[in-house]
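A.B. asks: Below is the sequence, then the predicted model.
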Amino acid sequence: MSVIQQYIKQNQERFLEELFSLIRIPSISAQQEHKQDMVRCAQRWSELLLQSGADRAEVMPTLGNPVVYAERLVGEDKKTVLIYGHYDVMPVEPLNLWHTDPFDPVIRDGRIWARGADDDKGQSMMQVKGFETALRLNFIDCNVKFILEGEEEIGSTHLAAFCEQHKDLLKADVILVSDTSMVQADVPSLTTGLRGLAYWEVEVIGPNRDLHSGHFGGAVANPINVLCKMLASITDEHGRITLPGFYDDVVDLLPIERDMIAQIPFDLNKYMDSIGVGDVFGEEGYSTLERNSCRPSFDVCGIWGGYTGEGAKTVLPSTAKAKISCRLVPNQHHQTISHMMQDYLQSIAPRSVKVIVTPCHGGEGYLCPIDMPAYKAAEDAVAVAFGKRPLAVRRGGSIPIISTFEQILGIKTVLMGFGLEQNAIHSPNESCRIDFFEKGIEAVAEFYKRYR
């Protein structure tokens, strides 16, 4: 057993209790009744950071929930690591599906069961305890800074402004984030890419009131019919998005990237069985793993209009609405795509209706260079902790603040996450394996041995 493993074992009970003290605070950023809980959680984090070895920790205000900043500086001539995490969690509803109280952590079957056990209190604690372990064992020879926000689950609304205001404070050589997952428990991985996002609400307005479908059907355009035709035209039979110019900035996969994706263990039949579909669909010429991580996509996320109650009502509705999104790939700009979608929908709208397209939110994609020193250090550290070299994997999800960090602070991020799909983040009965909690701490401590 290494000295790092020994330190973690000796302090395991304390590490868990410190994590539980955070989990017990219902820091749900989406719900106003938890506003004071956000402050309490931020204050608790500042206490734990000081106890873990930070020289300075403070709760700093924003126009929304506060940011926790902490640091331990060893010298101006040393490299600096900035650790990012978030202390807010998703709402817990539906409560009736939880087996235990979501804010009363329980250890069962080798797992911690609670909201935030993984996302992101558990993973942030891995970073903090990995820092403590390395510090106590005299492995740290770099400056370390921490920034923990309370609005990640609602879009990091005020963090960009905070970064703009505190550029000097947040100066670093690399950002380290634990808020992603690994391929499988026995297949460690580092996330090297994220997709961006653009999101809109579309409203189609027809007649000035709902109409009798017998009196007006066939003579007046039905907004739901029109909306469905418009949205159906956005992708073609080959799975390609039809917006003119949409692919102009898309960089195709290099052969070496496709080879790396092909190394990821993947059983297509199990994949289909797990989600209950008879076949997959997507852009022709690409595998399922390429489609859901490295290629753009379009989806209707919700659609409604007319009568949806019990029984029949022969009505021609006056309006129809939909929420739609595009996952974007690095090099695509979400604002450019947002304007493109608005222009396209207006251009294909018939004169019989009025179309309103409202942009909601978005963010850029991100790529991590796998030859940068911090990535190499993380790769070696994970290999030691998990007994196997990690795969470099691009993910289909989005963490918009990562690209914001690069734009505002000019710093690349290494995504060193330790989650698993079965941890059920954002869902009832979220959990985290205790052995992964310990391995995550070990990997972070090993990172500091290597990053100098």
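C.D. replies: Cool, the structure landed.

A.B. asks: Next, the nearest residue to Ala322 once chain neighbours are set aside: secondary structure please.
C.D. replies: What sits nearest to Ala322 in space, not counting adjacent residues and going by CB to CB, 6 or more residues apart in numbering, is Ile303, at 4.3 Å. The way it works is simple: take the backbone N, C-alpha and C, and place the C-beta from them, glycine included. The three-state label given to Ile303 by DSSP: H, G, I helix; E, B strand; the rest coil is strand.

A.B. asks: which ones are touching Ile303?
C.D. replies: Under the criterion of CB atoms under 8 Å, 6 or more residues apart in numbering, the contact list for Ile303 reads 227-228, 231, 320-323.

A.B. asks: and what of Ser287?
C.D. replies: Taking CB under 8 Å, 6+ apart as the criterion, Ser287 is in contact with 261-262.

A.B. asks: and it, how far is that from Leu268?
C.D. replies: Using CB to CB, to the nearest Å, Ser287 is found at 9 Å from Leu268.

A.B. asks: Wasn't Val300 part of a strand?
C.D. replies: Yes. Applying three-state DSSP, one finds Val300 inside a strand.

A.B. asks: Do I have it right that it meets Ala322?
C.D. replies: Yes. Taking contacts as CB atoms under 8 Å, Val300 lies within contact range of Ala322: 5.7 Å.

A.B. asks: quick one: which of those two has more around it?
C.D. replies: Ala322 (20 against 15; other CB atoms under 10 Å).

A.B. asks: Please name the bridge partners of the more buried one.
C.D. replies: As for beta bridges, Ala322 partners with Val202, Ile303 under DSSP bridges.

A.B. asks: Can you check the pLDDT for it?
C.D. replies: pLDDT, Ala322: 98.

A.B. asks: cool, the one 3 residues further on as well?
C.D. replies: The confidence metric pLDDT takes the value 96 at Ser325.

A.B. asks: So which residues of the stretch 51-200 of the chain form helices?
C.D. replies: 121-136, 159-165 (DSSP state H, counting those that start in this stretch).

A.B. asks: Point me to the helix or strand that includes Phe436.
C.D. replies: For Phe436, the host element (DSSP states H and E) is helix 434-450.

A.B. asks: give me the number of residues near Ser431?
C.D. replies: 24.

A.B. asks: Please tell me I have it right and it contacts Arg115.
C.D. replies: No. The criterion here is CB under 8 Å, and Ser431 misses it with Arg115 at 10.0 Å.

A.B. asks: Same list (the helices of the stretch 51-200 of the chain) but as CSV, adding mean neighbour count.
C.D. replies: As requested, the helices of the stretch 51-200 of the chain are arranged in CSV below (neighbours: other CB atoms under 10 Å):
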stretch, mean neighbour count
helix 121-136, 26
helix 159-165, 17
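
A.B. asks: looking at the ones you listed, which is closest to Ser189?
C.D. replies: Nearest of these to Ser189, taken as CB to CB: helix 121-136 at 14.5 Å.

A.B. asks: quick one, domains of the protein?
C.D. replies: As given by automatic domain parsing, the domain ranges for the chain are 3-194+365-450, 196-250+296-363.

A.B. asks: Spatially central residue for this protein, please.
C.D. replies: Nearest residue to the geometric centre of the chain (CA atoms, centre = their mean): Ile399, 4.2 Å.

A.B. asks: pretty sure that one is in contact with Gly365, am I right?
C.D. replies: No. Ile399 lies out of contact with Gly365 (CB under 8 Å); the separation is 9.9 Å.

A.B. asks: Just the C-alpha atoms of the lowest-mean-pLDDT helix or strand in the chain, please, in CSV.
C.D. replies: None of the helices or strands of the chain scores lower by mean pLDDT, DSSP states H and E than helix 255-262, at a mean of 90. Presented in CSV, the C-alpha positions along helix 255-262 are these (Å, rounded to 0.1, in the frame of the first residue of the first chain):
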residue,chain,number,x,y,z
PRO,A,255,-8.3,9.0,-38.4
ILE,A,256,-6.3,8.9,-35.1
GLU,A,257,-9.4,10.3,-33.3
ARG,A,258,-11.7,7.7,-34.9
ASP,A,259,-9.2,5.0,-33.9
MET,A,260,-9.3,6.2,-30.3
ILE,A,261,-13.1,6.2,-30.3
ALA,A,262,-13.0,2.6,-31.7
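
A.B. asks: for that helix, which positions count as buried?
C.D. replies: Neighbour-count burial for helix 255-262 flags 257, 260-261 (criterion: 16 or more other CB atoms under 10 Å).

A.B. asks: try stretch 331-345
C.D. replies: The neighbour-count check on stretch 331-345 (16+ other CB under 10 Å) flags 332-334, 337-338, 340-342, 344-345 as buried.

A.B. asks: which of those residues lies closest to Ser427?
C.D. replies: For those, the nearest to Ser427 is His334 (26.6 Å; CB to CB).

A.B. asks: which residues sit in contact with the closest one?
C.D. replies: When contacts are counted by CB under 8 Å, 6+ apart, His334 touches 196-198, 328, 362-364.
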